[in-house]
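Chemist: Below is the sequence, then the predicted model.
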Amino acid sequence: VLGLLVWALIADTTYYLHAAYGWVMFVSIFFWIVTVLFFVTYLLQLQLKFYVIPWPLMLMIFNAAATVLYITAFVTCAAAVQPTSWRQWDYNRRAAASFFAGLVMITYGASTFFSFRAWKGLGSNAATSQVADHV
């Protein structure tokens, strides 16, 4: 949802006049679409049908890549905001897009942490793994 806000806020400005916002648009649209695809995959439990794919590792790599690219998009968007814009509403929308890009970056970073823990199997203890093995 936050990536969609970044996309919508930038798209509502004259982003085509500034090349930096093209990168922000690409990152926000690409990762929003791929995130929705992952969400639908998990919602429909399609990962159980494609059991050959290491889903925890794939999700961790995706979240790490999204974090790194959203860092670049956040820095680009925040650096390109100009308070002396010729249209005041462009400034407000670009500043809000920078804020939400920062939130998306933090969210993907947290998702990377949790997907790393899921990939490594951290968070379970010996008692639960032994009970599951013997039952």
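Modeler: Nice, thanks for sending it over.

Chemist: Longest helix in the chain, by number of residues?
Modeler: Identified as the longest helix of the chain according to DSSP state H is helix 88-120.

Chemist: Show me what counts as buried in that helix.
Modeler: Buried positions in helix 88-120, judged by neighbour count with 16 or more other C-beta atoms under 10 Å: 90-91, 93-105, 107-109, 111-112, 115-116, 118-119. To be clear about C-beta, it is placed using only N, CA and C from the backbone, and glycine gets the same treatment.

Chemist: and that helix, what other elements does it pack with?
Modeler: helix 2-11, helix 19-43, helix 55-80 (3 or more C-beta pairs under 8 Å, 6 or more residues apart in numbering; DSSP states H and E).

Chemist: hey, least reliable of the ones you listed by pLDDT?
Modeler: Note on the helices and strands packed on helix 88-120: lowest mean pLDDT is at helix 2-11, with a mean of 80.

Chemist: what's the pLDDT at Gly109?
Modeler: 94.

Chemist: what's the spacing between it and Ala19?
Modeler: 26 Å (C-beta to C-beta, to the nearest Å).

Chemist: excluding its backbone neighbours, what's nearest Ala73?
Modeler: Distance criterion C-beta to C-beta, 6 or more residues apart in numbering; nearest residue to Ala73, sequence neighbours excluded, is Val27 at 4.1 Å.
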